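Colleague: this one's sequence-less:
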């Protein structure tokens, strides 16, 4: 008998599994492919935790797999910290269906191991979970969220004692316990110790907001532009619905217009197949409000409010999306310029970005004499770089960001924060408004100051039972080939971050990458254009990044298209296949 069939039978016949779940499993008894999809393997616990569709099965997000992961996490925490029971674990959740129930089950499991739990009394933005780990001195944290995935998904983000998501070594500890622990042996709700649960309420919100407000660069500038600054905000049915308007109001935004149809948390995300502010389609309702009230800027958080997207008017009055790369560049230049204008630039300033993020950041940091650290994709790597600089160099952290709409400022949290980003973006919009400029104008000014850069990302989904094998085969194909040119310029360097090698194509010299092992391929041309490929850590897809530049925007865009065509040739795809 195939192992997945045996697992299915075990779940179907076990008294540990509730009757509602068994009824769901009986409904698929004649669909072997569905059984295989759900029971072929357990979800893999990685540095990003877990993420999958919500339904019955050992490879899906449900009350049993959440409890299983939490029992494994409890074992890892107890092994790592002698005082883990006293320090405790903080648990939060987002707006998704089942998130509150999953969080409650996590609390039950943790207390069954004698571990103190701080449990949020209602949904909160993800950065508040990271802040909570640090504030309470917890050994770890758990957040139930699937970020910006479609409504069918949920996920489990794990945080370590520093408030950052764990290293691969820590994640491996949890994964190892999951592999050896029988899912039916996880302590049930009847084993929970309610006396170990402390509910975290709105008093905690004030502590978080105080830290956010302290990160203002020009704290009074919004008030100076308050009469003309009109801001439209939407949480996309998510966790930002209460905290973000509160912060913006305290910062001085008096003309704040919310998208009322999206202000109530709703895990079904009605009208939004992809509740992701990276996509222009997510702004449909917001634009209607902005046109009605005459706003020049729209701000949208993703459902767990760790990411943020922005649209702004151009000179013609049309709303245009500001990409994650563009917003990172805008924030970098604004923060550096404001600190210089006020005479408050610290002695050892530094910023952090990822290797797939725009090289405009390099030009901006060079101009302002700010050290720039490049790290692997993911905020756990940004957080690690920040901690290293602060502990060894006594340096001052100014901003960390990645192209996927995530930004971090300050050290109160160790994860991207869409709340502080919303405040800084409004502050920056006010700064330029007083100069008669929109954020679109400001981006044009950056091109004039630092050169023209453009970025493009694309992805190929490989779902299904053989998805992992297809992804592995495509990465191996890329690993074994080197294009001669990118955008008409010869390729001079190829980095295989999995093998941790950097090869100079001109000399043949091979050195290390200086970063941890990760399944990423990186191609650099002499003209500075870059092509990167990496599998997603949370979804069944490969992501591709084109980082191009040129003497003007037209030539930069042409170079981006040329690089994309070269990548399509490498993959054996027709041109124009790679579209976001």
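Modeller: Arrived safely, thanks for sending. All values derive from a computational prediction rather than experimental measurement. Numbers count the residues shown, from 1 in each chain.
Colleague: how about residue 469, phi and psi?
Modeller: Main-chain torsions, residue 469, degrees, to the nearest 10: phi -70, psi -40.
Colleague: burial of it, as a residue count?
Modeller: By other C-beta atoms under 10 Å, 11 other residues sit near residue 469. Placement of C-beta: from N, CA and C, glycine included.
Colleague: For it, give its distance to residue 578.
Modeller: 21 Å (C-beta to C-beta, to the nearest Å).
Colleague: Likewise for residue 100?
Modeller: Per C-beta to C-beta, residue 100 is found 39 Å from residue 578.
Colleague: try residue 4
Modeller: From residue 4 to residue 578 the distance is 34 Å (C-beta to C-beta).
Colleague: Report the contact partners of residue 378.
Modeller: Neighbour list for residue 378: 47-48, 165, 354, 402, 537 [criterion: C-beta atoms under 8 Å, 6 or more residues apart in numbering].
Colleague: Which secondary structure state is assigned to residue 53?
Modeller: strand (DSSP: H, G, I helix; E, B strand; the rest coil).
Colleague: which residues sit in contact with it?
Modeller: When contacts are counted by C-beta under 8 Å, 6+ apart, residue 53 touches 60-61, 152-153.
Colleague: Beta-bridge partners for it, please?
Modeller: residue 153 (DSSP bridges).
Colleague: rewinding a little: which ChimeraX command selects the buried ones in the contacts of residue 378?
Modeller: Those of those that count as buried under 16 or more other C-beta atoms under 10 Å are selected in ChimeraX with:
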select :47,48,165,354,402,537
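Colleague: Of the contacts of residue 378, just say which sits nearest to residue 207.
Modeller: Nearest to residue 207 among the contacts of residue 378: residue 165, at 21.7 Å, using C-beta to C-beta.
Colleague: what about the residue nearest to the closest one when sequence neighbours are not counted, distance to residue 47?
Modeller: Leaving aside its sequence neighbours, residue 165 sits nearest to residue 380 (C-beta to C-beta, 6 or more residues apart in numbering; 4.0 Å). To residue 47, residue 380 is 6 Å away according to C-beta to C-beta.
Colleague: Are there residues contacting both of the two? Which ones?
Modeller: Common contact partners of residue 380 and residue 47 (C-beta under 8 Å, 6+ apart): 165-167.
Colleague: Return the backbone torsion pair for residue 219.
Modeller: Note on residue 219: backbone dihedrals following degrees, to the nearest 10 are phi -60, psi -30.
Colleague: do the same with residue 117
Modeller: Per-residue torsions, residue 117: phi -130, psi 130 (degrees, to the nearest 10).
Colleague: quick one: the helices in the stretch 1-150 of the chain?
Modeller: Here the stretch 1-150 of the chain has its helices, by DSSP state H, counting those that start in this stretch, at 3-13, 19-26, 32-39, 63-80, 84-87, 99-112, 126-136.
Colleague: And the average pLDDT for the third one is what?
Modeller: Right, helix 32-39. For helix 32-39, the mean pLDDT works out to 96.
Colleague: again, but for stretch 393-404
Modeller: 93.
Colleague: quick one: terminal-to-terminal distance for that stretch?
Modeller: Using C-alpha to C-alpha, to the nearest Å, one end of stretch 393-404 lies 28 Å from the other.
Colleague: Figure out how far it is from the centre of its chain.
Modeller: Relative to the chain's own centre, stretch 393-404 is displaced by 15 Å; criterion: C-alpha atoms, centre = their mean, to the nearest Å.
Colleague: Just the buried positions in it, please.
Modeller: 395, 397-404.
Colleague: what do you get for stretch 377-384?
Modeller: Taking 16+ other C-beta under 10 Å as the criterion, stretch 377-384 shows 377-384 as buried.
Colleague: out of those, who's nearest residue 446?
Modeller: Nearest to residue 446 among the buried residues of stretch 377-384, with distances taken as C-beta to C-beta, is residue 382, at 21.8 Å.
Colleague: Show me what the helix or strand where residue 352 lies packs onto, helices and strands only.
Modeller: Per DSSP states H and E, residue 352 falls inside strand 349-354. Applying 3 or more C-beta pairs under 8 Å, 6 or more residues apart in numbering; DSSP states H and E, one finds that strand 349-354 makes contact with helix 324-341, helix 360-367, strand 371-375, helix 379-392, strand 396-402.
Colleague: quick check: angle from the last one to strand 371-375?
Modeller: Same thing as strand 396-402. Inter-element angle recorded for strand 396-402 and strand 371-375: 40 degrees (by axes from the mean of the first three to the mean of the last three C-alpha atoms, to 10 degrees).
Colleague: strands paired with strand 396-402, and their directions?
Modeller: Paired strands of strand 396-402, with direction, are strand 349-354 (parallel), strand 406-408 (antiparallel) (DSSP bridges).
Colleague: got a list of contacts for the last one?
Modeller: Same thing as strand 406-408. Strand 406-408 has contacts (C-beta under 8 Å, 6+ apart) with 306-308, 324, 327-328, 331, 379, 382-383, 386, 399-401, 414-418, 420-421, 424.
Colleague: low-confidence ranges in the stretch 251-400 of the chain?
Modeller: For the stretch 251-400 of the chain, no stretch has pLDDT under 70.
Colleague: Swap in 90 and give it another go.
Modeller: Residue ranges of the stretch 251-400 of the chain with pLDDT under 90: 315, 378, 389-395.
Colleague: Need phi/psi at residue 355.
Modeller: Dihedral pair for residue 355: phi -70, psi -10, per degrees, to the nearest 10.
Colleague: can you check residue 197 too?
Modeller: With angles defined as degrees, to the nearest 10, residue 197 sits at phi -100, psi 120.
Colleague: what's the answer for residue 544, then?
Modeller: phi -120, psi 140.
Colleague: my guess is it contacts residue 459, does it?
Modeller: Yes - counting by C-beta atoms under 8 Å, residue 544 does reach residue 459; the two are 6.8 Å apart.
Colleague: Which one of the two is surrounded by more residues?
Modeller: Between residue 544 and residue 459, counted using other C-beta under 10 Å, residue 544 has the larger neighbour count: 24 against 15.
Colleague: That one and residue 534, how far apart?
Modeller: According to C-beta to C-beta, residue 544 stands 8 Å off from residue 534.
Colleague: which residues sit in contact with residue 60?
Modeller: When contacts are counted by C-beta under 8 Å, 6+ apart, residue 60 touches 38, 43, 52-54.
Colleague: By neighbours, which of the residues you listed wins?
Modeller: residue 38 (25 neighbours).
Colleague: give the contact list for it.
Modeller: Per C-beta under 8 Å, 6+ apart, neighbours of residue 38: 8, 28, 55-60.
Colleague: Could you list the buried residues of stretch 437-456?
Modeller: 437-440, 442-443, 446-447, 450-456.
Colleague: Actually, stretch 125-141.
Modeller: Using 16+ other C-beta under 10 Å as the test for burial, stretch 125-141 gives 125-136, 138-141.
Colleague: residue contacts, residue 255?
Modeller: By C-beta under 8 Å, 6+ apart, residue 255 lies in contact with 226, 229-231, 293, 295.
Colleague: re earlier: of the contacts of residue 60, just say which sits nearest to residue 187.
Modeller: Of all those, residue 187 sits closest to residue 43, with 20.0 Å by C-beta to C-beta.
Colleague: Now the closest one. Its backbone dihedrals?
Modeller: Backbone torsions of residue 43, given as degrees, to the nearest 10, read phi -60, psi 140.
Colleague: if I pick it, what's in contact with it?
Modeller: Counting by C-beta under 8 Å, 6+ apart, residue 43 touches 50-52, 58-61, 65, 69.
Colleague: which of the buried residues of stretch 125-141 sit farthest apart?
Modeller: Maximum pairwise distance in the buried residues of stretch 125-141, criterion C-beta to C-beta, is 21.8 Å, between 125 and 139.
Colleague: Could I get the full set of strands for the stretch 201-350 of the chain?
Modeller: Under the criterion DSSP state E, counting those that start in this stretch, the stretch 201-350 of the chain contains strands at 230-234, 255-258, 297-301, 308-313, 319-322, 349-354.
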